[in-house]
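> Got a predicted model here, sequence first, then my questions.
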Amino acid sequence: MQRIQTATRHAAAGIAVFSILFFFAGCAAIQPAAGSDRAYTSSIGSNRTASTDAGSDISGAKPPRRPRSSVTEPKRLLVVEGALSLIGKNAIVVKGKTFPNDCTGVVRAAYWYAGIDLAKDFSKYTGNGVTRIYKTLKAKNLLYITNTPVPGDIIFWDNSYDRNEDGEWNDPLTHTGIVVSVSDDGQIEYVHANYRKGIVIEYMNLADPDTNTKKVKGKIVFINSAMRMRGQIVNELWLSSHLLREFGQGYLIR
(Lines give C-alpha, C1' and ligand atoms only; values in the text may rest on other atoms or scores of the structure.)
Protein backbone atom coordinates (compact mmCIF):
# COMPACT_ATOMS: atom_id res chain seq x y z
CA MET A 1 0.00 0.00 0.00
CA GLN A 2 1.27 3.44 -0.79
CA ARG A 3 1.36 6.50 1.41
CA ILE A 4 -1.19 9.28 1.11
CA GLN A 5 0.71 12.42 0.19
CA THR A 6 -1.35 15.03 2.02
CA ALA A 7 -4.39 15.23 4.24
CA THR A 8 -6.93 17.79 5.33
CA ARG A 9 -9.89 17.63 7.63
CA HIS A 10 -12.15 20.48 6.63
CA ALA A 11 -13.57 21.70 3.35
CA ALA A 12 -13.37 25.19 1.91
CA ALA A 13 -16.67 27.04 1.85
CA GLY A 14 -18.81 27.13 -1.22
CA ILE A 15 -19.29 23.42 -2.03
CA ALA A 16 -22.26 22.90 -4.31
CA VAL A 17 -24.77 20.35 -3.02
CA PHE A 18 -25.44 17.80 -5.74
CA SER A 19 -28.23 15.34 -6.23
CA ILE A 20 -25.91 12.62 -4.92
CA LEU A 21 -26.83 13.83 -1.42
CA PHE A 22 -29.75 11.43 -1.48
CA PHE A 23 -27.33 8.56 -1.00
CA PHE A 24 -25.75 9.69 2.28
CA ALA A 25 -24.54 7.30 4.94
CA GLY A 26 -25.41 7.31 8.61
CA CYS A 27 -25.13 4.83 11.44
CA ALA A 28 -28.81 3.96 11.57
CA ALA A 29 -29.77 0.34 11.07
CA ILE A 30 -29.21 -0.82 7.50
CA GLN A 31 -32.26 -0.57 5.31
CA PRO A 32 -31.12 -1.82 1.90
CA ALA A 33 -33.29 -0.88 -1.03
CA ALA A 34 -34.82 -3.52 -3.26
CA GLY A 35 -32.10 -3.42 -5.87
CA SER A 36 -29.10 -1.15 -6.13
CA ASP A 37 -29.31 2.24 -7.78
CA ARG A 38 -25.52 2.32 -8.24
CA ALA A 39 -22.75 -0.16 -8.75
CA TYR A 40 -20.13 0.08 -6.01
CA THR A 41 -17.14 -2.14 -6.71
CA SER A 42 -13.73 -2.43 -5.14
CA SER A 43 -10.52 -1.48 -6.89
CA ILE A 44 -9.20 -4.69 -5.41
CA GLY A 45 -9.52 -6.50 -8.72
CA SER A 46 -12.03 -3.99 -10.10
CA ASN A 47 -12.66 -0.22 -10.12
CA ARG A 48 -14.74 2.44 -8.45
CA THR A 49 -16.85 3.46 -11.43
CA ALA A 50 -20.29 4.78 -10.59
CA SER A 51 -23.26 2.87 -12.22
CA THR A 52 -25.29 11.22 22.90
CA ASP A 53 -23.76 10.95 24.90
CA ALA A 54 -20.25 11.28 23.65
CA GLY A 55 -18.79 12.08 27.07
CA SER A 56 -16.22 14.67 28.07
CA ASP A 57 -13.31 12.34 27.40
CA ILE A 58 -13.64 12.66 23.61
CA SER A 59 -13.53 16.44 23.40
CA GLY A 60 -9.94 17.13 24.42
CA ALA A 61 -6.75 17.57 22.43
CA LYS A 62 -6.22 15.47 19.34
CA PRO A 63 -4.01 12.36 19.66
CA PRO A 64 -0.47 12.39 18.28
CA ARG A 65 0.43 11.64 14.70
CA ARG A 66 2.07 8.26 14.27
CA PRO A 67 3.76 6.36 11.48
CA ARG A 68 1.68 3.65 9.89
CA SER A 69 2.15 0.08 11.04
CA SER A 70 3.62 -2.77 9.03
CA VAL A 71 1.62 -3.64 5.95
CA THR A 72 2.17 -7.35 6.63
CA GLU A 73 0.72 -7.56 10.12
CA PRO A 74 -1.43 -10.73 10.03
CA LYS A 75 -4.27 -9.55 12.29
CA ARG A 76 -4.67 -6.34 10.37
CA LEU A 77 -4.95 -8.22 7.10
CA LEU A 78 -7.52 -10.56 8.66
CA VAL A 79 -9.59 -7.51 9.62
CA VAL A 80 -9.59 -6.44 5.96
CA GLU A 81 -10.53 -9.94 4.85
CA GLY A 82 -13.37 -9.96 7.37
CA ALA A 83 -14.64 -6.56 6.26
CA LEU A 84 -14.65 -7.55 2.60
CA SER A 85 -16.54 -10.74 3.42
CA LEU A 86 -19.45 -8.68 4.78
CA ILE A 87 -20.16 -6.70 1.60
CA GLY A 88 -23.74 -7.15 0.45
CA LYS A 89 -24.78 -9.15 3.51
CA ASN A 90 -28.20 -8.47 5.05
CA ALA A 91 -27.41 -10.35 8.26
CA ILE A 92 -24.07 -9.92 10.01
CA VAL A 93 -22.97 -13.30 11.33
CA VAL A 94 -19.28 -14.16 11.76
CA LYS A 95 -18.02 -17.43 13.24
CA GLY A 96 -21.43 -18.15 14.74
CA LYS A 97 -21.84 -14.73 16.38
CA THR A 98 -24.54 -12.29 15.26
CA PHE A 99 -23.79 -8.56 15.27
CA PRO A 100 -26.04 -5.48 15.08
CA ASN A 101 -27.06 -4.59 11.55
CA ASP A 102 -25.44 -1.16 11.62
CA CYS A 103 -22.07 0.54 11.22
CA THR A 104 -20.80 -0.58 14.62
CA GLY A 105 -21.84 -4.15 13.89
CA VAL A 106 -19.83 -4.14 10.65
CA VAL A 107 -16.66 -2.96 12.39
CA ARG A 108 -17.08 -5.34 15.33
CA ALA A 109 -17.78 -8.28 13.00
CA ALA A 110 -14.71 -7.61 10.85
CA TYR A 111 -12.55 -7.52 13.95
CA TRP A 112 -14.22 -10.61 15.38
CA TYR A 113 -13.21 -12.37 12.16
CA ALA A 114 -9.61 -11.55 13.13
CA GLY A 115 -10.12 -12.82 16.68
CA ILE A 116 -10.49 -9.40 18.31
CA ASP A 117 -13.50 -8.53 20.50
CA LEU A 118 -13.91 -4.75 20.29
CA ALA A 119 -16.87 -4.91 22.68
CA LYS A 120 -14.98 -6.61 25.50
CA ASP A 121 -14.80 -3.39 27.54
CA PHE A 122 -18.08 -1.81 26.41
CA SER A 123 -19.54 -2.03 29.93
CA LYS A 124 -16.91 0.44 31.12
CA TYR A 125 -18.18 3.22 28.88
CA THR A 126 -21.32 5.17 28.03
CA GLY A 127 -22.63 6.31 24.67
CA ASN A 128 -23.52 4.69 21.38
CA GLY A 129 -21.56 1.82 19.84
CA VAL A 130 -19.27 4.12 17.86
CA THR A 131 -18.42 6.07 21.01
CA ARG A 132 -17.69 2.90 22.98
CA ILE A 133 -15.31 1.60 20.33
CA TYR A 134 -13.65 5.02 20.28
CA LYS A 135 -13.29 5.11 24.07
CA THR A 136 -11.93 1.55 24.09
CA LEU A 137 -9.16 2.56 21.68
CA LYS A 138 -8.56 5.86 23.47
CA ALA A 139 -7.96 4.02 26.75
CA LYS A 140 -5.29 1.93 25.00
CA ASN A 141 -3.70 4.91 23.24
CA LEU A 142 -4.61 3.49 19.83
CA LEU A 143 -6.25 6.57 18.26
CA TYR A 144 -4.21 8.58 15.81
CA ILE A 145 -4.25 11.26 13.17
CA THR A 146 -2.27 10.39 10.07
CA ASN A 147 -1.61 11.17 6.44
CA THR A 148 -1.15 7.45 5.86
CA PRO A 149 -4.03 5.27 7.11
CA VAL A 150 -3.53 1.59 6.48
CA PRO A 151 -5.93 -1.25 5.68
CA GLY A 152 -7.49 -2.45 8.91
CA ASP A 153 -7.66 1.00 10.49
CA ILE A 154 -11.00 1.94 12.00
CA ILE A 155 -12.36 5.26 10.69
CA PHE A 156 -14.37 7.54 12.97
CA TRP A 157 -16.62 10.29 11.61
CA ASP A 158 -18.49 13.13 13.32
CA ASN A 159 -21.79 14.74 12.33
CA SER A 160 -22.87 12.19 9.72
CA TYR A 161 -26.40 12.94 10.90
CA ASP A 162 -28.13 15.17 13.43
CA ARG A 163 -28.26 12.58 16.20
CA ASN A 164 -29.72 14.85 18.87
CA GLU A 165 -32.08 16.53 16.38
CA ASP A 166 -31.28 20.04 17.57
CA GLY A 167 -30.30 21.39 14.16
CA GLU A 168 -26.76 22.11 15.35
CA TRP A 169 -23.38 20.81 14.17
CA ASN A 170 -22.56 19.13 17.48
CA ASP A 171 -22.80 15.35 17.05
CA PRO A 172 -19.44 13.65 17.56
CA LEU A 173 -18.80 10.00 16.76
CA THR A 174 -21.85 9.21 14.68
CA HIS A 175 -20.35 6.77 12.17
CA THR A 176 -17.54 4.26 11.71
CA GLY A 177 -16.01 2.05 9.03
CA ILE A 178 -12.84 0.14 8.11
CA VAL A 179 -10.08 1.06 5.64
CA VAL A 180 -9.58 -1.80 3.16
CA SER A 181 -7.17 -0.23 0.65
CA VAL A 182 -5.09 2.90 0.05
CA SER A 183 -3.68 3.65 -3.40
CA ASP A 184 -0.68 5.74 -4.45
CA ASP A 185 -2.93 8.68 -5.40
CA GLY A 186 -4.34 8.86 -1.89
CA GLN A 187 -7.57 7.04 -2.68
CA ILE A 188 -8.96 5.23 0.35
CA GLU A 189 -11.53 2.49 0.03
CA TYR A 190 -13.51 1.67 3.15
CA VAL A 191 -16.21 -0.79 4.07
CA HIS A 192 -19.14 0.49 6.10
CA ALA A 193 -22.89 0.22 6.58
CA ASN A 194 -24.57 2.75 4.34
CA TYR A 195 -28.00 3.40 5.83
CA ARG A 196 -29.67 3.06 2.43
CA LYS A 197 -27.54 0.64 0.40
CA GLY A 198 -26.38 -1.75 3.10
CA ILE A 199 -22.78 -2.92 3.55
CA VAL A 200 -20.69 -1.47 0.72
CA ILE A 201 -17.28 -0.18 -0.27
CA GLU A 202 -17.11 3.60 -0.53
CA TYR A 203 -14.40 6.20 -0.94
CA MET A 204 -12.36 8.95 0.67
CA ASN A 205 -9.37 10.93 -0.55
CA LEU A 206 -7.70 13.31 1.89
CA ALA A 207 -5.50 14.70 -0.87
CA ASP A 208 -8.59 15.85 -2.80
CA PRO A 209 -11.15 16.37 -0.03
CA ASP A 210 -13.68 18.60 -1.78
CA THR A 211 -14.38 16.38 -4.79
CA ASN A 212 -17.34 14.00 -4.82
CA THR A 213 -16.88 12.56 -8.32
CA LYS A 214 -14.72 13.25 -11.34
CA LYS A 215 -14.35 11.95 -14.88
CA VAL A 216 -11.42 9.60 -15.38
CA LYS A 217 -10.79 8.13 -18.84
CA GLY A 218 -14.34 8.97 -19.84
CA LYS A 219 -15.96 7.42 -16.76
CA ILE A 220 -17.37 9.05 -13.64
CA VAL A 221 -15.65 7.72 -10.52
CA PHE A 222 -16.13 8.46 -6.84
CA ILE A 223 -13.37 10.37 -5.04
CA ASN A 224 -15.14 11.12 -1.76
CA SER A 225 -18.44 9.43 -1.01
CA ALA A 226 -21.36 11.34 0.45
CA MET A 227 -21.54 10.96 4.22
CA ARG A 228 -24.19 13.33 5.58
CA MET A 229 -27.60 11.65 5.80
CA ARG A 230 -30.42 12.55 3.44
CA GLY A 231 -32.25 15.75 4.33
CA GLN A 232 -29.76 16.73 7.03
CA ILE A 233 -27.35 19.05 5.22
CA VAL A 234 -26.76 22.12 7.38
CA ASN A 235 -23.59 23.46 5.80
CA GLU A 236 -21.03 22.65 3.13
CA LEU A 237 -19.48 19.74 5.03
CA TRP A 238 -21.02 16.57 3.65
CA LEU A 239 -18.38 14.27 2.15
CA SER A 240 -16.53 11.44 3.90
CA SER A 241 -13.36 13.56 3.84
CA HIS A 242 -15.13 16.54 5.41
CA LEU A 243 -16.48 14.65 8.41
CA LEU A 244 -13.45 12.51 9.23
CA ARG A 245 -12.44 12.62 12.88
CA GLU A 246 -9.49 10.23 13.15
CA PHE A 247 -8.31 6.64 12.80
CA GLY A 248 -7.93 3.82 15.29
CA GLN A 249 -5.55 0.86 15.40
CA GLY A 250 -7.86 -1.74 16.87
CA TYR A 251 -5.74 -4.57 15.47
CA LEU A 252 -3.05 -3.69 18.05
CA ILE A 253 -5.34 -4.62 20.94
CA ARG A 254 -3.74 -7.40 22.96
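Sure thing, it's come through.

> Name the residues of the helix or strand containing residue 202 that are buried.
Taking DSSP states H and E as the definition, residue 202 sits inside strand 198-205. Going by neighbour count (16 or more other C-beta atoms under 10 Å), the buried part of strand 198-205 is 198-205. From N, CA and C alone the C-beta is placed, and that goes for glycine too.

> From those residues, pick the one nearest residue 221.
residue 203 (8.3 Å; C-beta to C-beta).

> ok, the closest one - contacts?
48, 187-190, 222-225, 240 (C-beta atoms under 8 Å, 6 or more residues apart in numbering).

> measure it to residue 119 for me?
Residue 203 sits 28 Å away from residue 119, taking C-beta to C-beta, to the nearest Å as the criterion.

> Filter the contacts of residue 203 down to the buried ones.
Here, 16+ other C-beta under 10 Å leaves 48, 187-190, 222-225, 240 buried among these.

> Could you export these as TSV, including secondary structure and pLDDT?
Shown next, in TSV, are these (DSSP: H, G, I helix; E, B strand; the rest coil; pLDDT from 0 to 100):
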residue	secondary structure	pLDDT
48	coil	53
187	strand	93
188	strand	96
189	strand	97
190	strand	98
222	strand	96
223	coil	96
224	coil	96
225	coil	97
240	helix	96
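
> can I get these in JSON lines with distance to residue 131?
Below are the buried ones among the contacts of residue 203 laid out as JSON lines (distance: C-beta to C-beta, whole Å):
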{"residue": "48", "distance to residue 131": "30"}
{"residue": "187", "distance to residue 131": "28"}
{"residue": "188", "distance to residue 131": "23"}
{"residue": "189", "distance to residue 131": "25"}
{"residue": "190", "distance to residue 131": "19"}
{"residue": "222", "distance to residue 131": "28"}
{"residue": "223", "distance to residue 131": "29"}
{"residue": "224", "distance to residue 131": "24"}
{"residue": "225", "distance to residue 131": "22"}
{"residue": "240", "distance to residue 131": "19"}
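
> Just give me the closest of the residues you listed to residue 101.
residue 190 (18.0 Å).
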